[in-house]
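Asker: have a look; sequence and predicted model below, questions after that.
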Amino acid sequence: MAKAIHSMIRVLEEAPSVNFYATAFGLKVADRFDFDGFTLVYLRNDEADFELELTINKGTQEPYEHGSGYGHIAFAVDDLDSEYERVKSAGLEPKDIVEFRNDGELMARFFFIQDPDGYKIEVLQKHGRYR
């Protein structure tokens, strides 16, 4: 059976991105590989083996276009309200908390934030299918 191991995004600068993901989600550098034309940085936390791979292409000056295909990556948390206040206090500018219902039943509570490169990240309360 296949196992999801990482997702990759391209970022302009390593330090702001590493700092953002450490502050927002407790992701730490698991590995870092420096090549002639690019650097790969793998981030993860103790909650899961799944990693976020940051690719920093050397010499790139302009922000990456996300196109119409990228949506978001999502993280589930035990206490959404506390996480919201924590990231807001850290200056990460979360959007308002939203409740999403299906046939009147709560399906999800969440908010979005953006990383330094404008990638959207959904932060969900652990509930139902979002564990």
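Answerer: Sure, I can see it.

Asker: could you chop this protein up by domain?
Answerer: Domain assignment of the chain by automatic domain parsing yields the ranges 1-60, 72-131.

Asker: how about those in JSON lines, adding mean neighbour count and mean pLDDT?
Answerer: No exception for glycine: its C-beta is placed from N, CA and C like everyone else's. JSON lines is the format used below for the domains of the chain (neighbours: other Cβ atoms under 10 Å; pLDDT from 0 to 100):
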{"stretch": "domain 1-60", "mean neighbour count": "14", "mean pLDDT": "95"}
{"stretch": "domain 72-131", "mean neighbour count": "14", "mean pLDDT": "95"}
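
Asker: now do the end-to-end distance for stretch 60-76.
Answerer: 32 Å (Cα to Cα, to the nearest Å).

Asker: now do the same contact list for Glu83.
Answerer: Val77, Val123 (Cβ atoms under 8 Å, 6 or more residues apart in numbering).

Asker: A strand includes it, no?
Answerer: No: per DSSP: H, G, I helix; E, B strand; the rest coil, Glu83 lies outside any strand segment and is helix.

Asker: start the count at 372 instead of 1 going forward.
Answerer: Taking 372 as the first residue, the last one we looked at is Glu454.

Asker: one step back: I'd like the domains of the chain as JSON lines, with distance to His437 appended.
Answerer: Formatted as JSON lines, the domains of the chain follow (distance: least, Cβ to Cβ, whole Å):
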{"stretch": "domain 372-431", "distance to His437": "9"}
{"stretch": "domain 443-502", "distance to His437": "7"}
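
Asker: residues making contact with the longest helix anywhere in the chain?
Answerer: Longest helix in the chain by number of residues (criterion: DSSP state H): helix 385-396. Outside helix 385-396, the residues that touch it by Cβ under 8 Å, 6+ apart are 382, 398-400, 410, 412, 414, 416, 423, 425, 427, 446, 458, 461, 463, 484, 486-488, 492.
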